[in-house]
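Participant: Sequence first, predicted coordinates after that:
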Amino acid sequence: MGNNAAVLLPRRASIVVASVLLMACGTPVASEPVAPVPTPGARSPSATATTPPSPSATASATASAAPTAADPPPIALEPVADGLVSPISITDAPGGWLLVNEQAGRVVAVHAGSGERATAVDLSDRIAAGGERGLLGLALHPGWPGVARAFVHYTAADGSAVLSELTGSQVGDAAPVLDAGSERILLNVPDPYANHNGGQVAFGPDGYLWVGLGDGGSAGDPHGNGQDASTLLGSILRLDVSTAGSYAIPADNPFADGVGGAPEVHLFGLRNPWRFSFDPETGALWIADVGQGGFEEVNRLDPVADAGANLGWNVMEGAHCFADAGCSAEGLVLPIAEYGRDLGYSVTGGHVYRGGAIAGLAGWYLFADYGFGYVFGIPADAPAPGDGTALAPRLLLESGAPISSFGVGEDGELYVVDHARGVLSRIVGAGG
């Protein structure tokens, strides 16, 4: 058992049998297959899956030494709601509500305290769902509910990535409601393959809307989108949505004038950014990028100082050369942390814990591996090695669940969703 690991659910073969997963991609091949989305309790087909190993306390041998900060406390998962269908994203709303995206297109409002639920909106009539496609992201305007606007990222019927705006309302402490008929499409990005769609949408501390897009899919980035700042694919976008129904380019975007890259692009060199978040205390941007065949990575950036940064894909996979063993990392921003296939194969980005319910956890960035169900952590203030390597994460929990997303409640506590079993859970201290 890993350091401070606590087991809430038994490790099930049904979790790791799905080697072709929602966010995962395996060894480089000409074209990667896309499996059906696992349904609660179902097993997904695989020819190569194995039971995850029981990792050592020091985590992956492929990265440098684990962080030396004080040990975090043991944690566990406390179920809040079940019966969800392929939940894939969590957004908080006033009054203790959490908005949970179901992959097929429904948004379910769940009250974190009582477990009460209601349908906030159903967009399934315009969404292509399955494999890595679906209703991938949701963000409420920072002024919600006074500014009753919400933004969604989904896969359209033609396979393109769509960013659109909805209006809605929330009366008192009742559940939020969004109007499906109010949709206005802000951005439509053609996508050549069904996988690597990214999906996160979130407002940064600067008040702008940030959007994550994958490299377009297949394997190995055959179109070179990761290293092409002129395409929106393989990038994190930064948009000014202060005017309803449209977006503008922030004047300080690194390519705002269209020279050197697309005006919308703020960061590039990403493969499949599966969840990013901002530390509410420091403003740091954390991005988890799903690897190809060897390494999963986590990036920590300064949203201002690192504007225009190239995060390396497909020159690098994690802190390692990808296609050319003699590659140069000059000019690239390397990850703060990584892990190898001994600990999983599809990273799910999380959040820096700034809540107050779990003593000793504040200041730890928590994230997970969808394939093995491990929950990891690294200290948010851990210094980067600076020697071309990356930190190894600390194993905090063997959940037994394919965690597809983290979320933060109104009170600062962290939540996760089990994509296969349809369970929304709160991260809690395990005691002892």
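Facilitator: Great, that's in hand. Given the structure is predicted, the values throughout are model-derived calculations rather than measurements.
Participant: any weak-confidence spans in the stretch 51-200 of the chain?
Facilitator: Filtered on pLDDT under 70, the stretch 51-200 of the chain yields the residue ranges 51-69.
Participant: Find the residue at the geometric middle of this structure.
Facilitator: Nearest residue to the geometric centre of the chain (CA atoms, centre = their mean): Arg275, 1.6 Å.
Participant: Tell me how far the residue lying closest to that residue once chain neighbours are set aside lies from Ala174.
Facilitator: Excluding the flanking residues, the one nearest Arg275 by CB to CB, 6 or more residues apart in numbering is Gly349, at 3.2 Å. (C-beta placed from N, C-alpha, C; glycine too.) Applying CB to CB, to the nearest Å, the value for Gly349 to Ala174 is 31 Å.
Participant: And those two? Which one has more around it.
Facilitator: Neighbour totals were compared for Gly349 and Ala174, and Gly349 leads with 24 against 12 (other CB atoms under 10 Å).
Participant: next one: the helix or strand harbouring that one to chain centre, how far?
Facilitator: In the assignment (DSSP states H and E), Gly349 maps to strand 347-352. Taking CA atoms, centre = their mean, to the nearest Å, one finds strand 347-352 lying 6 Å from the centre of the chain it belongs to.
Participant: That strand pairs with which strands?
Facilitator: Taking DSSP bridges as the criterion, strand 347-352 sits next to strand 364-369 (antiparallel) in its sheet.
Participant: just checking, next helix/strand downstream of the strand it pairs with?
Facilitator: strand 374-379.
Participant: so how far is stretch 277-288 off the chain centroid?
Facilitator: That offset, for stretch 277-288, works out to 12 Å (CA atoms, centre = their mean).
Participant: Other residues contacting it?
Facilitator: Here stretch 277-288 makes contact (CB atoms under 8 Å, 6 or more residues apart in numbering) with 202, 204-205, 212, 236, 267, 270, 273-276, 296-303, 306, 311, 347-352, 354, 365, 367, 380, 406, 408, 412.
Participant: So for that stretch, first residue to last residue, what's the gap.
Facilitator: 9 Å (CA to CA, to the nearest Å).
Participant: what comes up buried for stretch 280-292?
Facilitator: 284-292 (16 or more other CB atoms under 10 Å).
Participant: again but with stretch 355-367, I slipped
Facilitator: 358, 361, 363-367.
Participant: what sits up against that stretch?
Facilitator: So stretch 355-367 is in contact with 70-73, 75, 275, 279, 286, 288, 298, 300, 347-354, 375-381, 393, 396, 406, 408, 411-414, 427-429, going by CB under 8 Å, 6+ apart.
Participant: circling back to that earlier point, can you redo the buried residues of stretch 280-292 as CSV with secondary structure?
Facilitator: What follows is these, written out as CSV (DSSP: H, G, I helix; E, B strand; the rest coil):
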residue, secondary structure
Ala284, coil
Leu285, strand
Trp286, strand
Ile287, strand
Ala288, strand
Asp289, strand
Val290, coil
Gly291, coil
Gln292, coil
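Participant: Which one of those is nearest to Asn101?
Facilitator: The closest of those to Asn101 turns out to be Ala288 (CB to CB; 17.4 Å).
Participant: Show the contacting residues for the residue lying closest to that closest one once chain neighbours are set aside.
Facilitator: Nearest non-adjacent residue to Ala288, counting by CB to CB, 6+ apart: Gly349, 3.0 Å away. By CB under 8 Å, 6+ apart, the contact set of Gly349 is 200, 273-277, 286-288, 298, 367, 406.
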